[in-house]
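Asker: sequence first, predicted model second:
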Amino acid sequence: WVKIEALYDSQDAVEDEDYCAIRVRPAPAPAPDENNRKPAHFFTQDATSTFYVRRTGLDVSAAEKGRNEIANTETDTVFDKVRNKIYATGASYGIAHLQWKTLVNGFLKK
């Protein structure tokens with residue numbers, strides 16, 4: 001689960017450019033259990049992902065940039081700690097790039 005923490009957009013008629021970015025951060029699951037308010041995400045709450053879409057003239061591009069991507073090992077179970085460490089390590093080696101590439105390419109489809 002993530003929460004949208006910031007939304008940016010701009011238009012520049014002189015440069016014929018439009019730009020949009022959305023920054024998200026790990027968040028607790030929207031579950032009825034109010035006692036469990038820790039993020040279940042494999043990264044800590046310090047991590048952010050920013051998704052960009054830019055149009056300049058007839059060219060449209062999209063990208064994702066991750067920051068502060070540190071494994072979330074502050075979990076309640078050993079299984080979650082190990083899983084989060086494996087996912088975070090895989091992400092640091094570019095495996096997450098495949099997932100984000102699919103999502104970002106979806107932004108560009110008609």
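Answerer: Yes, it's here.
Asker: where does the residue of the chain most remote from its centre land in three-state SS?
Answerer: The outermost residue of the chain relative to its centre, with distances by C-alpha atoms, centre = their mean, is V14 at 31.0 Å. What DSSP: H, G, I helix; E, B strand; the rest coil gives for V14 is coil.
Asker: any residues touching stretch 16-35, and which ones?
Answerer: Applying C-beta atoms under 8 Å, 6 or more residues apart in numbering, the contact partners of stretch 16-35 are 1-12, 36-41, 43-45, 47-57, 72. (Each C-beta comes from the backbone N, C-alpha and C, glycine too.)
Asker: for ChimeraX, write a command that selects the buried ones of these.
Answerer: Burial among these is assessed by 16 or more other C-beta atoms under 10 Å; the matching ChimeraX selection reads:
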select :39,40,41,43,44,45,47,48,49,50,51,52,53,72
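Asker: now, which of the contacts of stretch 16-35 lie within strands?
Answerer: If you go by DSSP state E, the contacts of stretch 16-35 have 2-12, 48-56 in strands.
Asker: centre-most residue in the chain?
Answerer: S49 (3.2 Å).
Asker: which pLDDT value belongs to that one?
Answerer: On the pLDDT scale, S49 is placed at 91.
Asker: also D33?
Answerer: Looking at D33, the pLDDT reads 62.
Asker: T102 too?
Answerer: Looking at T102, its pLDDT stands at 83.
Asker: same question for the one 4 residues further on.
Answerer: According to the prediction, G106 has pLDDT 85.
Asker: is it in a helix, a strand, or coil?
Answerer: helix.
Asker: near it, how many other residues are there?
Answerer: Around G106 there are 9 other residues, counting by other C-beta atoms under 10 Å.
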